[in-house]
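Novice: The sequence and its predicted three-dimensional model are supplied below.
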Amino acid sequence: MLFLDEPTTGVDAVSRREFWEMLKGLKQRDITILVSTPYMDEADLCDRVALIQDGQLLSIDTPAGIVSNFKYPLWAVKSSHMLQLLNDLNAADFTKDVYPFGEFHHVVMKNESGKQALDEFIKQHQYESVLMKEVGPNIEDCFIALMKNKNDKR
Amino acid sequence: MTNDKVIEVKELTKNFGDFIAVDHISFNVNKGEIFGFLGANGAGKTTAMRMLCGLSTPSSGKATVAGLDIYKNNEEIKKNIGYMSQKFSLYDDLTVKENMQFYGGIYGKDYAFIKNKTAAILNQLKLEDETNVLVKSLPLGWKQKLAFSVAIFHEPGIVFLDGPTGGVDPVTRREFWKMIYQASETGITIFVTTHYMDEAEYCNRVSIMVDGRIDALDTPSQLKINYKAASMDEVFLKLARKAKRGD
């Protein structure tokens, strides 16, 4: 059994991949690995994942199981002025949460009817070079939702 | 000054004996820009950054930061920039308030400035209840936001962030980037290194260092076109895999 406490923090993307290849090799030799990480792409590489915050476990499941528990429609939106778009979307009443996600913002809708509201919103605001598409959540979206839900209740 | 280039670098080089840590790099950074400075561990990012901050003398090449020459005016440069390291530049055994007073004092700010600025930051970070708490007992995410606020406490034109989000959770990382955006909107130029490739997308332009050289420099969207990649992660992997040297 191997305990690894954030072995890849501060490590570049290439070296991290190589490191996880090593872990895969150890796993094949039947070594159990308990590893902590702040990188969500690494969480995807685990057999099972536990999310802990403020001393409490928020979820324990396979990566696929965690993703299948995400219940809201999710959209990716971008425009030429990302900060303005972020602030406006956050203030809109049809969004549950909005956060930067690479070149897009991820927009978590309150419900299915949000799609229409989003179309209306984009029309009203006249942003330049808007691109939007519905996307499937990944594990980072799920963790963000779990962490924020927990904070909401406090 | 009519020059809107706040950092100008030409053929900048640093050798340690036979080892060429930084190998003739050239680039400019514009005022108010968020400039991502990427590279694998050991590619030479920190060495390059230390030269630009006036902390290390180059072996050859030229550079100006905030219009100041890095050979002749390196002391003057320090007053015009902010710096935040991977380890966060805070004193664990001082309280939140004492850290801010200390940095304000070091940069020669007067009592009134320090008092007002401290109050403004405590309010912005919602840290009023932690004013007199030792920094070592703060959670990592709070430390990081405080470290950034301290780095721009003296209102510098440029701030250098060396791996500011290492080890930080997805929610706090995004709150941190919001602070970066806001600072950038006020005209502060942001020079930032990161190992999170989604954060590379948040930059106006990105450079990628490989073995001491800058192998690519462009906007994230142009880099993805140039390297036929779907994401910055892919661009980075294509470039960094060519590296011959490790840590």
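Specialist: Thanks, I have it.
Novice: For chain B, which segments count as helices?
Specialist: Remark: helices assigned in chain B by DSSP state H are B:45-52, B:74-80, B:96-106, B:111-124, B:140-151, B:170-185, B:197-200, B:220-226, B:232-240.
Novice: CSV please, covering the ones you listed and showing mean pLDDT, mean neighbour count and distance to B:N30.
Specialist: Where C-beta positions appear, they are placed from N, C-alpha and C, glycine not excepted. Shown next, in CSV, are the helices of chain B (pLDDT from 0 to 100; neighbours: other C-beta atoms under 10 Å in any protein chain shown; distance: least, C-beta to C-beta, whole Å):
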stretch, mean pLDDT, mean neighbour count, distance to B:N30
helix B:45-52, 95, 23, 15
helix B:74-80, 93, 16, 16
helix B:96-106, 95, 19, 27
helix B:111-124, 95, 15, 26
helix B:140-151, 92, 21, 20
helix B:170-185, 91, 18, 11
helix B:197-200, 92, 24, 18
helix B:220-226, 96, 15, 16
helix B:232-240, 93, 21, 20
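Novice: okay if I get those as CSV plus distance to A:M147?
Specialist: Listed next are the helices of chain B as CSV, based on distance: least, C-beta to C-beta, whole Å:
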stretch, distance to A:M147
helix B:45-52, 30
helix B:74-80, 38
helix B:96-106, 24
helix B:111-124, 22
helix B:140-151, 11
helix B:170-185, 5
helix B:197-200, 17
helix B:220-226, 26
helix B:232-240, 23
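Novice: Up against chain B, what does chain A have?
Specialist: Contact residues, chain A versus chain B (C-beta under 8 Å from any C-beta of the partner chain): A:6, A:9-17, A:38-40, A:82-83, A:86, A:99-103, A:140, A:143-144, A:147-148.
Novice: Now with 7 Å, please.
Specialist: Neighbours of chain B within chain A, by C-beta under 7 Å from any C-beta of the partner chain: A:6, A:9-15, A:38, A:40, A:83, A:99-103, A:140, A:143-144, A:147-148.
Novice: Against B:L140, how distant is the residue of chain B positioned farthest from its centre?
Specialist: Distance from the centre of chain B peaks at B:D129, with 28.7 Å (C-alpha atoms, centre = their mean). Counting by C-beta to C-beta, to the nearest Å, the separation of B:D129 from B:L140 is 18 Å.
Novice: Number of residues surrounding residue 87?
Specialist: No chain in the question, so chain A it is. 14 (other C-beta atoms under 10 Å in any protein chain shown).
Novice: The intended chain is chain B.
Specialist: 11.
Novice: what residues does stretch B:45-59 touch?
Specialist: Stretch B:45-59 is touched from outside by B:7, B:12-15, B:21-22, B:25, B:37, B:39, B:63, B:65, B:70, B:74-75, B:77-78, B:81, B:83, B:160, B:162, B:193, B:209, with contacts defined as C-beta atoms under 7 Å, 6 or more residues apart in numbering or on different chains.
Novice: pLDDT score for B:G246?
Specialist: If you check B:G246, the pLDDT there is 60.
Novice: Please disregard the earlier target; I meant B:Q86.
Specialist: If you check B:Q86, the pLDDT there is 77.
Novice: any idea how far A:S15 is from the residue of chain A most remote from its centre?
Specialist: Most distant from the centre of chain A: A:R29, at 31.1 Å, with distances by C-alpha atoms, centre = their mean. Computed as C-beta to C-beta, the A:R29 to A:S15 distance reads 22 Å.
Novice: Which element, helix or strand, includes A:M132?
Specialist: Using DSSP states H and E, A:M132 falls within strand A:131-134.
Novice: relative orientation of the following helix or strand past that strand and helix B:170-185 in degrees?
Specialist: Of the helices and strands lying after strand A:131-134 in sequence (DSSP H and E), the nearest is helix A:139-153. Calculated by axes from the mean of the first three to the mean of the last three C-alpha atoms, to 10 degrees, helix A:139-153 forms an angle of 90 degrees with helix B:170-185.
Novice: So which other helices or strands are in contact with helix A:139-153?
Specialist: The elements that helix A:139-153 packs onto, with contact taken as 3 or more C-beta pairs under 7 Å, 6 or more residues apart in numbering or on different chains; DSSP states H and E, are helix A:40-43, strand A:49-53, strand A:56-61, helix A:63-68, helix B:170-185.
Novice: Under the pLDDT cut-off, which ranges of chain A? List them.
Specialist: Along chain A, the model assigns pLDDT under 70 to residues A:150-154.
Novice: switch the cut-off to 50
Specialist: A:153-154 (pLDDT under 50).
Novice: Give me every residue in chain B that's in contact range of chain A.
Specialist: Chain B comes close to chain A at residues B:40-41, B:86, B:163, B:166-171, B:174, B:177, B:181, B:185, B:195, B:197-198, B:201-202, B:220, B:231, B:233, B:236-237, B:240-241, as judged by C-beta under 7 Å from any C-beta.
Novice: One more pass at 6 Å, please.
Specialist: Counting by C-beta under 6 Å from any C-beta of the partner chain, chain B comes close to chain A at B:40-41, B:166-167, B:169-171, B:174, B:181, B:195, B:197-198, B:201, B:236, B:240.
Novice: circling back to that earlier point, for the helices and strands packed on helix A:139-153, give me TSV that also has distance to A:Q124.
Specialist: Shown next, in TSV, are those (distance: least, C-beta to C-beta, whole Å):
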stretch	distance to A:Q124
helix A:40-43	33
strand A:49-53	37
strand A:56-61	36
helix A:63-68	32
helix B:170-185	23
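Novice: Among these, which comes closest to B:M100?
Specialist: In terms of C-beta to C-beta, the element of these nearest to B:M100 is helix B:170-185, at 15.6 Å.
Novice: Kindly export the closest one (C-alpha atoms) in CSV.
Specialist: Extracted in CSV, the C-alpha atoms of helix B:170-185 (Å, rounded to 0.1, in the frame of the first residue of the first chain):
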residue,chain,number,x,y,z
PRO,B,170,-10.8,24.3,-8.3
VAL,B,171,-13.2,26.8,-6.7
THR,B,172,-10.4,28.9,-5.0
ARG,B,173,-8.3,28.9,-8.2
ARG,B,174,-11.2,30.5,-10.0
GLU,B,175,-11.8,33.1,-7.3
PHE,B,176,-8.1,33.9,-7.6
TRP,B,177,-8.3,34.4,-11.3
LYS,B,178,-11.2,36.8,-10.8
MET,B,179,-8.8,38.9,-8.7
ILE,B,180,-6.2,38.7,-11.5
TYR,B,181,-8.8,39.9,-14.1
GLN,B,182,-9.9,42.7,-11.8
ALA,B,183,-6.3,43.8,-11.2
SER,B,184,-5.7,43.7,-15.0
GLU,B,185,-8.8,45.9,-15.6
